[in-house]
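Asks: A structural model of the following input is requested.
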Amino acid sequence: MSASRSLRAALDPNTPSEALAKAAEGATSQVREAIASNPNTPIETLLGLCDDFPEAFLKNPAVALISIESPTFWRKLQSVTLRKLA
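Replies: Modelled structure (predicted):
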């Protein structure tokens, strides 16, 4: 897949979560950042990306919903990550 197609898919909230998780592996930094901001990105993938892209992670509209649905969500983040997000 071309870089521009990968980026479009990473930015598209209709891209299936499985495709986003797979695309995050070995993607360019720009694509990975877009995946971190995509509301359809699976939780485990978001957790893997939040260290490298804390701003995109926090801007992801799904993060607020995830933290409501899963009160232990923030505990899954390492203390180093939490300091980056502060």
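Asks: use CA for all of it now, contacts and neighbours both
Replies: Will do.
Asks: need the contact list for Ile66.
Replies: 43, 73 (CA atoms under 8 Å, 6 or more residues apart in numbering).
Asks: residue boundaries of the helices in this structure?
Replies: Assigned by DSSP state H, the chain shows helices spanning 3-11, 17-24, 29-37, 43-49, 54-59, 61-69, 79-85.
Asks: tally of neighbours for Ala34?
Replies: Neighbour count of Ala34, defined by other CA atoms under 10 Å: 24.
Asks: go on, Ser2?
Replies: Considering only other CA under 10 Å, Ser2 is surrounded by 7 other residues.
Asks: got it, and the one 4 residues further on?
Replies: When neighbours are defined as other CA under 10 Å, Ser6 has 21 of them.
Asks: swap in Leu65?
Replies: For Leu65, the neighbour count with other CA under 10 Å is 11.
Asks: again, but for the one 5 residues further on
Replies: Here the number of neighbours of Ser70 (other CA under 10 Å) works out to 10.
Asks: per-residue confidence at it?
Replies: As predicted, Ser70 sits at a pLDDT of 82.
Asks: got it, and Glu44?
Replies: On the pLDDT scale, Glu44 is placed at 89.
Asks: Next one: it relative to Ser2, how far apart?
Replies: 25 Å (CA to CA, to the nearest Å).
Asks: okay, the helices of the chain, which one's buried deepest?
Replies: Greatest average neighbour count among the helices of the chain goes to helix 29-37 (a mean of 24), per mean count of other CA atoms under 10 Å.
Asks: Find the residue ranges of the protein scoring beneath the pLDDT cut-off.
Replies: Counting by pLDDT under 70, the ranges of the chain that qualify are 1, 78-86.
Asks: repeat that with 80
Replies: Along the chain, segments meeting pLDDT under 80 span 1-3, 71, 73-86.
Asks: So which residue is dead centre in it?
Replies: By CA atoms, centre = their mean, the chain has its centre lying nearest to Ala36, at 2.4 Å.
Asks: Could you verify my assumption that it touches Cys50?
Replies: Yes - Ala36 lies in contact with Cys50 (CA atoms under 8 Å); the separation is 7.0 Å.
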